[in-house]
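>>> mind folding the following:
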Amino acid sequence: MTILVHHPIYLEHDTGDHPECAGRLAAIEQALRRAGLWERCREVAPRRVTRAELERVHAPTYLDALDRMEADGGGFLDADTPMSPRSLEAARFAAGGVLAAVDAVMEGQDTTALCLVRPPGHHATPTRGMGFCLYNNAAIAAAHLVEAHRLERVLVVDWDVHHGNGTQDAFYDRADVMYFSIHRYPFYPGSGATREQGRGAGLGTTVNRPLPVGTPREEVVGAFRSVLESEAEAYRPQFVLISAGFDAYREDPIGGLGLEPWDYRQMTTAVMALARRHAQGRVVSALEGGYHLGGLGRCVAEHLAGLMQA
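Coordinates of the predicted model:
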């Protein structure tokens, strides 16, 4: 089985007429139930992230600003990032949902987990929310594995079509978290060039594989596998987190990099092979982007099927 984290509170992040909408989760659930995968999962309830856990990644001044915006009934962090009255509470349970999955895996309840959370997180930097993101769910989980579970090498794999600038920023000068992103480039948010490799103690633990639009899908998957077999293999991660965006799907209205649903199964299988060699098979995946409602569910179903191969 695979652990599944979901909760109605994620639907209360009301974005209005916005691509990152509650309908995404409904489309995923429908596809997983149709494929017979939902019932094969072990459900784990999310919890509310604590302020101390947030401060492992985010600056207190930024957290205070979000709290004030919540008290004022919401607003916009930037032109793309709305915050409704219940958005921040949904974000607390999104970050806490990934932490609940990480703890369950570390306790041996299962080896893999899929967290169907929103709002997404990988664009949220230590000091700023942007790109639909409030808290950085994957980064908070990685810091939790280092601080609470005393792991020394955590790998974050990010295959969202957009570069996860927030996750990169959080660990750019640290060696205890490797960040690997494969993404469309040049593209939003403008970061993610090959030359961005970390600094100081973290030099070499940021690995970017930017790809131009129009790259054949076989080359995308091949480049992904190449990094797992080289830099990630050499790193020997003790735990793998996936920032699982599905907007590299060929019909996605925001991104698109030509991928088909089956490609996500292939990439998941490659991650699972690495995790079995070095991380006791421990992989937790958190939803990021993916905005074509018809394709999103099919992509997630292939991904979950891959996680279940553990």
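>>> what degree of burial does the closest residue to Val161 other than its chain neighbours show, as a neighbour count?
Once flanking residues are discounted, Val161 sits nearest to Gly255: 3.2 Å by C-beta to C-beta, 6 or more residues apart in numbering. (C-beta placed from N, C-alpha, C; glycine too.) Close neighbours of Gly255, defined as other C-beta atoms under 10 Å, add up to 24.
>>> tell me the contacts of Gly255?
Asp160, Val161, His162, Arg184, Phe187, Gly245, Asp247, Ala248, Tyr249, Gly289, Tyr291 (C-beta atoms under 8 Å, 6 or more residues apart in numbering).
>>> and with 10 Å instead?
160-162, 183-184, 187-188, 213, 245-249, 289-292 (C-beta atoms under 10 Å, 6 or more residues apart in numbering).
>>> cool, and His163?
Contacts of His163 by C-beta under 10 Å, 6+ apart are 122-123, 131, 181-193, 196, 208, 210.
>>> again with Val220
Val220 touches Trp159, Ile182, His183, Arg184, Arg209, Leu211, Ala248, Leu257, Gly258, Leu259, Asp263, Met267, counting by C-beta under 10 Å, 6+ apart.
>>> filter the contacts of Gly255 to the buried ones?
Among the contacts of Gly255, those classed as buried by 16 or more other C-beta atoms under 10 Å are 160-162, 183-184, 187-188, 245-249, 289-292.
>>> so, low pLDDT: which residues of the stretch 101-250 of the chain?
Low-confidence segments of the stretch 101-250 of the chain (pLDDT under 70): none present.
>>> now, the buried ones among the contacts of Gly255 that are in strands?
Residues of those located in strands (DSSP state E): His183, Arg184.
>>> Met83: which of the buried ones among the contacts of Gly255 is nearest?
Gly289 (17.9 Å; C-beta to C-beta).
>>> over to the most centrally placed residue in the chain. Which of the three states is it?
Ranked by distance to the mean C-alpha position of the chain (C-alpha atoms, centre = their mean), the top residue is Ser243 at 2.2 Å. Following DSSP: H, G, I helix; E, B strand; the rest coil, we place Ser243 in the strand state.
>>> export stretch 215-225 as CSV, just CAs?
Extracted C-alpha coordinates of stretch 215-225, given in CSV (Å, rounded to 0.1, in the frame of the first residue of the first chain):
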residue,chain,number,x,y,z
THR,A,215,12.6,18.9,-26.1
PRO,A,216,11.4,15.4,-27.1
ARG,A,217,9.8,13.7,-24.2
GLU,A,218,12.3,10.8,-24.5
GLU,A,219,15.1,13.3,-23.9
VAL,A,220,13.3,14.8,-20.9
VAL,A,221,12.9,11.4,-19.2
GLY,A,222,16.5,10.5,-20.2
ALA,A,223,17.9,13.6,-18.7
PHE,A,224,15.9,12.9,-15.5
ARG,A,225,17.3,9.4,-15.2
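>>> show me what counts as buried in it.
Of the residues in stretch 215-225, those buried (16+ other C-beta under 10 Å) are Arg217, Val220, Val221, Phe224, Arg225.
>>> the residue lying closest to Glu147 once chain neighbours are set aside in helix, strand or coil?
Once flanking residues are discounted, Glu147 sits nearest to Arg56: 5.9 Å by C-beta to C-beta, 6+ apart. Counting by three-state DSSP, the backbone at Arg56 sits in coil.
>>> residues touching Arg56, list them.
Thr50, Pro126, Ala139, Ile140, Ala141, Ala142, Ala143, His144, Val146, Glu147, Ala148, Ala170.
>>> the fifth one and Gly96, how far apart?
As judged by C-beta to C-beta, to the nearest Å, Ala141 and Gly96 stand 10 Å apart.
>>> between those two, which one's more packed in?
Legend: neighbour count by other C-beta under 10 Å for Ala141 and Gly96, higher for Ala141 (32 against 25).
>>> where's the more buried one, which helix or strand?
helix 137-147 (DSSP states H and E).
>>> which stretches in the chain count as helices?
Counting by DSSP state H, the segments of the chain that form helices are 23-34, 51-54, 60-71, 87-106, 137-147, 165-171, 217-227, 233-235, 261-278, 293-307.
>>> in CSV, list these along with distance to Arg40.
CSV is the format used below for the helices of the chain (distance: least, C-beta to C-beta, whole Å):
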stretch, distance to Arg40
helix 23-34, 9
helix 51-54, 30
helix 60-71, 36
helix 87-106, 16
helix 137-147, 23
helix 165-171, 30
helix 217-227, 25
helix 233-235, 30
helix 261-278, 15
helix 293-307, 9
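>>> nearest to His6, out of these?
helix 23-34 (7.1 Å).
>>> residues making contact with the closest one?
By C-beta under 10 Å, 6+ apart, helix 23-34 touches 4, 6-8, 10-11, 21, 37-41, 114, 116-118, 120, 246, 261, 287, 289-302, 304-305.
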